[in-house]
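**Q** Turn this into a structure:
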Amino acid sequence: MKQQIEIIVPPEKIHEEGFLRHIASIRLGVRPSDISKIVPIRRSMDARGNPIYRILADVYIGEAPPEDRPAYIYNPVDKKKKVIVVGFGSAGMFAALHLIELGIMPIVLERGKDVQTRRRDLRFLMREQIVNPDSNYCFGEGGAGTYSDGKLYTRAVKRGNVSKILEVFVQHGAHPDIIVDTHPHIGSNKLPKIIAAMRQTVLNAGGEIHYSSRVTDFIINDNKLKGVVVNSKEEYLANAVILAAGHSARDIYYLLQKNKIKIEAKPFAMGVRIEHPQPLINEIQYHMKIKPESIPAATYNLSTNIDGTGVYSFCMCPGGIIVPAMTALDEIVVNGMSMSRRDSPFANSGLVVEVKENDWDKENNDSPFAALELQQKLEQHAFKLAGLSLSAPAQKATDFVEGKFSQSLPKTSYIPGVTSARLDEELPAFIVERLKKALKDFNKRMWGYLSNEAVLVGVESRTSSPIRVPRDRETFMHVEVKGLFPCGEGAGYAGGIVSSAIDGENCADAVSRFLTNSSSKVSLK
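**A** Numbering: from 1, shown residues only. The predicted structure follows:
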């Protein structure tokens, strides 16, 4: 017999199976020895009073649970059907893996480097403050998610099989806890090995992965995409192309326009990254001065509506650090990350404002690049504010609200350093006024959130793509070019690791249908 119940557990008992069995036996009125197994389905932290864990679990009494779901099989593929996958972030990676499941050979073209080599470039970026335009926190194997925390929470549960995405991560080395945690997290220190294992799965099945391979042109014939040109010299031909280049691949957008492939501006969000001491966030959320080690670093998720526009926290990193996420030499972009232990003394989060069509340059409103140019203008201005270095402009949250220059700044986790600046004057007025109101609102919900210990660091501008590559809702193919499948964050259809992975799988399915329906006509010539 199987019974599903909720078990309430104090944090220090969360890993004690005997305690879970004892509580379950009391709830169900059976002896602990009658319980053959407890299988957690969902686990979440409840910090409304004394922190507790709530576990929804299947309890098996007098019978064994069913066998674990078998691993996903990636059999060797032949070369009868080939699909180019541009980009090896989460969208491209899961597209490639699913293509293999469907018996289709993926040819992955990644502008950046493999995940291990990429790590050295990131250290060089931090130490020497020199940006490699093709190998940074946004570009390279694993995409932007690899070295920006590895959070796997998503609201995109209706778009595809979230459970499968998490199970594939576990199959490649992630801890099984991510399947049951309400807010699963891997950590930037553990993701690289998992991504390397996924790479090996693609290669073992006969797929190809080419690094330092930046797409510089498209090969189009009779309004059909036949292939791509890499590094201005090498041609790759295939039966279809999945374009999963990421939200920072601005050169791809201009390349699409050059080839008269339709793109359009879309709403996005930008603002700043706010950082607090982690103990302050712990105290606010847990209502205790000192957090026991059994309780994880506290998180928060804040949102409000200011004058009809959303303002919200984004990519909150408890026990994390702020990192430089720029992809060019003349811009400042910040993001956040944390390791699996989340043991940094800082907590940071994006604090962003929705940017809508009426916020763009009115004189350039019809251009597909109107939103992108606003984003880029803000990033380049931040670079000038920082004295043409990677030191980021910053201001105390209280000074931002009160309109003051910060004579001193709290210590931050941002390794290149921060420079005091009047963000309240330098950011666009529509962002400033909404951030000010939002900060006051958030402080009412989390007393102490708006304090002298909180610092705003600019700019947080890569929350999503400011451009959409339009595709048909049913076929997932570009609305005008056959064989082109826009995919993931860079195409404007996802936001985060899991939703991008789901979109990658959906695009692989769409490609398979396309190749099946046109199998008699498919040619690489």
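**Q** Near residue 149, how many other residues are there?
**A** 28 (other Cβ atoms under 10 Å). Every C-beta, even on glycine, is put in place using the N, C-alpha and C of the backbone.
**Q** can you check residue 63 too?
**A** Other residues close to residue 63 by other Cβ under 10 Å number 10.
**Q** shouldn't it be in contact with residue 34?
**A** No. Counting by Cβ atoms under 8 Å, residue 63 sits too far from residue 34 to count as a contact (10.4 Å).
**Q** where does residue 30 land in three-state SS?
**A** coil (DSSP: H, G, I helix; E, B strand; the rest coil).
**Q** quick one: it from residue 22, how far?
**A** 11 Å (Cβ to Cβ, to the nearest Å).
**Q** do the same with residue 441
**A** 44 Å.
**Q** just residue 303 next, same as before
**A** From residue 303 to residue 22 the distance is 39 Å (Cβ to Cβ).
**Q** got it, and residue 400?
**A** 51 Å.
**Q** and if you look at residue 83?
**A** In terms of Cβ to Cβ, residue 83 sits 53 Å off from residue 22.
**Q** and if you look at residue 335?
**A** 44 Å.
**Q** what does residue 320 give?
**A** 36 Å.
**Q** same thing with residue 350?
**A** 42 Å.
**Q** which of the two has more neighbours?
**A** Legend: neighbour count by other Cβ under 10 Å for residue 350 and residue 22, higher for residue 350 (23 against 15).
**Q** Kindly state the pLDDT recorded for that one?
**A** For residue 350, the model assigns a pLDDT of 97.
**Q** was I right about it contacting residue 317?
**A** No. If you go by Cβ under 8 Å, residue 350 and residue 317 don't touch, sitting 9.2 Å apart.
**Q** Now do the contacts for the closest residue to residue 35 other than its chain neighbours.
**A** The shortest distance from residue 35 to any non-neighbouring residue, by Cβ to Cβ, 6 or more residues apart in numbering, is to residue 21 (5.4 Å). Taking Cβ atoms under 8 Å, 6 or more residues apart in numbering, we find residue 21 in contact with 32, 35, 38.
**Q** TSV please, covering the residues you listed and showing distance to residue 354.
**A** Listed next are those as TSV, based on distance: Cβ to Cβ, whole Å:
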residue	distance to residue 354
32	52
35	49
38	43
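**Q** which of those residues lies closest to residue 328?
**A** Within the contacts of residue 21, proximity to residue 328 (Cβ to Cβ) peaks at residue 38, which comes in at 51.8 Å.
**Q** Run through who's touching stretch 422-442.
**A** Looking at stretch 422-442 with Cβ under 8 Å, 6+ apart, the contacting residues turn out to be 270-272, 302, 304, 306-307, 309, 311, 351, 353, 355, 359, 374, 378, 381-382, 385, 393-395, 397, 399-401, 403, 405, 449-450, 456, 458-459.
**Q** Could you rerun that using 6 Å?
**A** 271, 302, 304, 306, 309, 311, 353, 359, 385, 395, 400-401, 403, 405, 449-450, 456, 458 (Cβ atoms under 6 Å, 6 or more residues apart in numbering).
**Q** Might you list the low-confidence residue ranges for the chain?
**A** For the chain, the stretches flagged by pLDDT under 70 are 361-365, 519-525.
**Q** where exactly do the helices run in it?
**A** Per DSSP state H, the chain carries helices over the ranges 17-28, 90-101, 115-128, 162-171, 191-204, 250-258, 278-286, 370-385, 397-402, 423-426, 429-445, 488-491, 497-517.
**Q** Mind putting these into JSON lines with distance to residue 413?
**A** Converted to JSON lines, the helices of the chain look like this (distance: least, Cβ to Cβ, whole Å):
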{"stretch": "helix 17-28", "distance to residue 413": "36"}
{"stretch": "helix 90-101", "distance to residue 413": "25"}
{"stretch": "helix 115-128", "distance to residue 413": "12"}
{"stretch": "helix 162-171", "distance to residue 413": "26"}
{"stretch": "helix 191-204", "distance to residue 413": "19"}
{"stretch": "helix 250-258", "distance to residue 413": "27"}
{"stretch": "helix 278-286", "distance to residue 413": "10"}
{"stretch": "helix 370-385", "distance to residue 413": "18"}
{"stretch": "helix 397-402", "distance to residue 413": "16"}
{"stretch": "helix 423-426", "distance to residue 413": "18"}
{"stretch": "helix 429-445", "distance to residue 413": "20"}
{"stretch": "helix 488-491", "distance to residue 413": "25"}
{"stretch": "helix 497-517", "distance to residue 413": "22"}
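**Q** Ok, which of the ones you listed comes nearest residue 155?
**A** helix 497-517 (7.9 Å).
**Q** Which neighbouring elements make contact with that closest one?
**A** helix 90-101, helix 488-491 (3 or more Cβ pairs under 6 Å, 6 or more residues apart in numbering; DSSP states H and E).
**Q** Pick the most buried one from those.
**A** Of all the helices and strands packed on helix 497-517, helix 488-491 has the most neighbours on average by mean count of other Cβ atoms under 10 Å, namely a mean of 31.
**Q** how far does it sit from the chain's center?
**A** Here the centre of helix 488-491 is set off from its chain's centre by 11 Å, with Cα atoms, centre = their mean, to the nearest Å.
**Q** Also stretch 341-355?
**A** The answer for stretch 341-355 is 13 Å, by Cα atoms, centre = their mean.
**Q** Pull out the buried positions in it.
**A** Neighbour counts over stretch 341-355 (16 or more other Cβ atoms under 10 Å) mark 342, 344, 346, 347, 348, 349, 350, 351, 352, 353, 354, 355 as buried.
**Q** what residues are up against the fourth one?
**A** It stands for residue 347. Contacts of residue 347 by Cβ under 6 Å, 6+ apart are 276, 278, 281, 318.
**Q** report the longest strand in the protein, please.
**A** Ranked by residue count and defined by DSSP state E, the top strand of the chain is strand 35-46.
**Q** And the contacts of residue 21, which of them are buried?
**A** The neighbour count (16+ other Cβ under 10 Å) marks 35, 38 as buried among those.
**Q** which one of the helices and strands packed on helix 497-517 lies closest to residue 75?
**A** helix 90-101 (7.5 Å).
**Q** got the CA positions of that closest one in CSV?
**A** Output in CSV follows, covering the C-alpha atoms of helix 90-101 (Å, rounded to 0.1, in the frame of the first residue of the first chain):
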residue,chain,number,x,y,z
SER,A,90,21.4,24.8,-21.8
ALA,A,91,19.2,25.2,-24.8
GLY,A,92,21.7,23.9,-27.3
MET,A,93,23.0,21.2,-25.0
PHE,A,94,19.5,19.7,-24.3
ALA,A,95,18.6,20.1,-28.0
ALA,A,96,21.7,18.1,-28.9
LEU,A,97,21.0,15.4,-26.3
HIS,A,98,17.4,15.1,-27.5
LEU,A,99,18.4,15.0,-31.1
ILE,A,100,20.5,11.9,-30.3
GLU,A,101,17.5,10.3,-28.5
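**Q** That one vs helix 191-204, what angle?
**A** 30 degrees (axes from the mean of the first three to the mean of the last three Cα atoms, to 10 degrees).
**Q** and helix 90-101, what does it pack onto?
**A** Helix 90-101 packs on strand 82-86, strand 105-109, helix 497-517, going by 3+ Cβ pairs under 6 Å, 6+ apart.
**Q** what angle separates it from strand 105-109?
**A** Going by the same axes, to 10 degrees, helix 90-101 makes 160 degrees with strand 105-109.
**Q** Return the distance of helix 90-101 from the chain's centre.
**A** 17 Å.
**Q** if we look at it, which residues are touching it?
**A** With Cβ under 6 Å, 6+ apart, helix 90-101 has contacts from 74, 77, 83, 85, 106, 108, 143, 145, 198, 202, 205, 207, 242, 244, 487-488, 497, 500-501, 503-505, 507-508.
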